[in-house]
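Asker: Next one to model:
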Amino acid sequence: MNTVSIGFHREDGDFAILATLNNNDNHIDDDIFNELVKLMTMTLGHATERHLVALERQDTPDYVETA
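Answerer: Numbers count the residues shown, from 1 in each chain. So this is what the prediction gives:
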């Protein structure tokens, strides 16, 4: 798993995205990335008081121009 979206399923069936994480270029060791996904999901879930899930999917590009 190299790209995830963290969020929750809304009542209408859509998936509300709160965060995306990307490790396509393997900047982070796979084990550490997976722990980061778990920690971020748990932390955001606690902050929003919602049951959140991490789905393996790519909702944002790998790179963007900033200038």
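
Asker: quick one, helices of the chain?
Answerer: 30-48 (DSSP state H).

Asker: the strands in it, which residues?
Answerer: Counting by DSSP state E, the chain has strands at residues 3-9, 15-22, 53-56.

Asker: Looking at these, which one is packed in the most?
Answerer: Highest mean neighbour count among the strands of the chain (mean count of other Cβ atoms under 10 Å): strand 3-9, with a mean of 19. The way it works is simple: take the backbone N, C-alpha and C, and place the C-beta from them, glycine included.

Asker: That one: partners in the sheet, and parallel or antiparallel?
Answerer: strand 15-22 (antiparallel), strand 53-56 (antiparallel) (DSSP bridges).

Asker: Serialize those strands to TSV and add fields for distance to Gly7.
Answerer: Listed next are the strands paired with strand 3-9 as TSV, based on distance: least, Cβ to Cβ, whole Å:
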stretch	distance to Gly7
strand 15-22	4
strand 53-56	7
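
Asker: just to revisit the earlier point, could you dump the strands of the chain to CSV with mean pLDDT and distance to Thr66?
Answerer: CSV is the format used below for those (pLDDT from 0 to 100; distance: least, Cβ to Cβ, whole Å):
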stretch, mean pLDDT, distance to Thr66
strand 3-9, 97, 20
strand 15-22, 97, 16
strand 53-56, 97, 26
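
Asker: For Ile28, which of those strands is the nearest?
Answerer: Nearest of the strands of the chain to Ile28, taken as Cβ to Cβ: strand 15-22 at 9.3 Å.

Asker: could I have that closest one exported to CSV, CA atoms only?
Answerer: C-alpha atoms of strand 15-22 as CSV (Å, rounded to 0.1, in the frame of the first residue of the first chain):
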residue,chain,number,x,y,z
PHE,A,15,-16.6,8.7,0.9
ALA,A,16,-15.6,12.0,2.7
ILE,A,17,-11.8,12.4,2.5
LEU,A,18,-10.0,14.0,5.5
ALA,A,19,-6.5,13.2,4.5
THR,A,20,-4.4,11.5,1.8
LEU,A,21,-1.0,10.0,2.3
ASN,A,22,1.5,9.1,-0.5
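
Asker: what's the angle from it to helix 30-48?
Answerer: Counting by axes from the mean of the first three to the mean of the last three Cα atoms, to 10 degrees, strand 15-22 points 150 degrees away from the direction of helix 30-48.
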